[in-house]
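J.: from the sequence below, what's the structure:
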Amino acid sequence: MADGILLERYGVPAVSVCTDKFQATAEAMAKLHGFEHYRFVTVPHPIASLSLAELAQIALGALPEALAILATAT
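T.: Sure thing, here's the model as predicted:
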């Protein structure tokens with residue numbers, strides 16, 4: 001989250017991704033950094049034990065939302 005927020009602060013469009021278990025933490029971090037309405041993508045938790053194929057499937061599923069966030073970046 002912090003990297004995405006910092007990039008956005010410097011005018012570089014970015015998309016942060018976190019697992020749904022950490023959504024509340026991500027929202028709190030965004031608010032703390034002055035980006036209360038920062039949009040990010042959540043994916044199902046956990047991901048650490050997934051295979052490369054499973055991770056690819058999750059990434060492909062998250063791609064439309066990530067692209068939509070980038071398309072509306074200001």
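J.: which parts of this protein are helices?
T.: Assigned by DSSP state H, the chain shows helices spanning 2-9, 23-32, 52-71.
J.: ok and the helix or strand bottoming out on mean pLDDT in the chain relative to helix 52-71, angle-wise?
T.: When the helices and strands of the chain are compared on mean pLDDT, DSSP states H and E, helix 2-9 comes out lowest with a mean of 92. Put simply, helix 2-9 runs at 30 degrees to helix 52-71, going by axes from the mean of the first three to the mean of the last three Cα atoms, to 10 degrees.
J.: list the contacts of helix 2-9.
T.: Contacting residues not belonging to helix 2-9 are listed as Pro13, Ala14, Val15, Ser16, Met29, Ala30, His33, Phe35, Tyr38, Phe40, Ala73 [Cβ atoms under 8 Å, 6 or more residues apart in numbering]. For glycine as for every other residue, the C-beta is placed from the backbone atoms N, C-alpha and C.
J.: which of those lies closest to Phe22?
T.: Comparing these against Phe22 with Cβ to Cβ places Met29 closest, at 9.3 Å.
J.: what comes up buried for the least confident helix or strand of the chain?
T.: If you call a residue buried by 16 or more other Cβ atoms under 10 Å, then helix 2-9 has these buried ones: Gly4, Ile5, Glu8.
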